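>>> Fold the stuff below for me.
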Amino acid sequence: MSKSYNIAIDGPAGAGKSTIARAVSAKLGFVYVDTGAMYRAMALYFIRRGIRPDEEETVSEAVKEVGVTISYEDGAQQVILNGENVSGLIRTEAVSQMASASSVYLPVREKLVELQKELARNENVIMDGRDIGTCVLPEADLKIYLTASTAVRAKRRYDELTEKGEPCSLEEIEKEIEERDYRDMHRENSPLKQAEDAVLVDTSDLTIDEVIGEILKLAADKGIGQKN
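You can find the predicted model right below:
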């Protein structure tokens, strides 16, 4: 079996990780591993079993029965839960709330990290998150730490919400981002930090296309490309 190539993209909330990772994966022909979708699939399993978010012991036990993977069909991401395609079932508010609540339990994270590592062993993948380069894929061929100033990230989020017609305050959004950064960087399990061998890419003054171009160049410099 030929070697699979892994690219890890970490960074704070609002840095554009998912948008960039999805675009780069399409350019390289890699699988984009949406780690958030994997947490949602596991949450759906808990809901179907009638498990409440506060039942830590039951959640920890049920984790052992869950298999989640990501694949692509006709360019669209498919999320597979124990052999069933649940892509259309994991975007509800109930699943979102269960994913948020259950993801704080270490057994949930450990199980998904194990599944993510397995995916990375068998496929050329791009994975984004907050601890991919430091914990999930410490041996990744290319590690990117994607960031932007708090003000820029807040403005992006403000524009996104305004476009949807949702009332919001730029000051409040900036405050929320600062608080989330603090939580992510100071949490007990796998805090957000730049891996020692990660390349820092600040997107504050770059367009999406410029960021994609920069990452593709970094990948090419390491011999990572479509033909691998």
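>>> What backbone torsions are found at the closest residue to Ala120 other than its chain neighbours?
Once flanking residues are discounted, Ala120 sits nearest to Asn6: 4.9 Å by C-beta to C-beta, 6 or more residues apart in numbering. The C-beta positions use only the backbone N, C-alpha and C, and glycine is treated the same way. Asn6 has phi and psi values of phi -120, psi 130 when expressed as degrees, to the nearest 10.
>>> and Asn6, what does it touch?
By C-beta atoms under 8 Å, 6 or more residues apart in numbering, the contact set of Asn6 is 120, 124-127, 137, 139-142.
>>> Which PyMOL command selects the buried ones in those?
Only the buried entries of those go into this PyMOL selection, using 16 or more other C-beta atoms under 10 Å:
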select buried, resi 120+124+125+126+127+137+140+141+142
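>>> So Asp34 versus Tyr158, what's the distance?
24 Å (C-beta to C-beta, to the nearest Å).
>>> again, but for Arg52
For Arg52, the distance to Tyr158 - C-beta to C-beta - is 35 Å.
>>> how far away is the closest residue to Ala13 other than its chain neighbours from Gly213?
Of all residues not flanking Ala13 in the chain, Arg180 sits nearest, at 5.1 Å (C-beta to C-beta, 6+ apart). Note on Arg180: its distance to Gly213, by C-beta to C-beta, is 28 Å.
>>> Ala41 now?
33 Å.
>>> more neighbours, the two?
Counted by other C-beta atoms under 10 Å, Ala41 and Gly213 do not tie: Ala41 has more neighbours, with 27 against 14.
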